[in-house]
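> quick one, structure for this:
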Amino acid sequence: MTVGKTFTEVVGISRLDVCTWSLAPRTICDFKPAPLSSGTSVVCP
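Numbering: from 1, shown residues only. A predicted model of the protein is given here:
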């Protein structure tokens, strides 16, 4: 992924880390639309 990339949806696990909430995506498929990997589309179920 590159800096400035935008997504319409991100799925993940929310967690509290030293008084700061974070969202931890589980896989690359948790990003919608899925980012390209080495110039090819990622196949997500």
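
> show residues contacting the helix or strand of the chain with the lowest mean pLDDT.
Here the helix or strand of the chain ranked lowest by mean pLDDT, DSSP states H and E is strand 31-32, holding a mean of 86. Contacts with strand 31-32, where a contact means CB atoms under 8 Å, 6 or more residues apart in numbering, come from 1, 7, 8, 9, 10, 11, 25. The C-beta positions use only the backbone N, C-alpha and C, and glycine is treated the same way.

> please repeat the previous calculation with a cut-off of 10 Å.
Contacts to strand 31-32, defined as CB atoms under 10 Å, 6 or more residues apart in numbering, come from residues 1, 5, 7, 8, 9, 10, 11, 12, 25, 42, 44.

> do the same with stretch 6-13
Outside stretch 6-13, the residues touching it (CB under 10 Å, 6+ apart) are 1, 22-27, 29-35.

> centre of the chain to that stretch, how far?
5 Å (CA atoms, centre = their mean, to the nearest Å).

> nearest to residue 16, of the contacts of stretch 6-13?
Comparing the contacts of stretch 6-13 against residue 16 with CB to CB picks out residue 22 as the nearest, at 7.8 Å.
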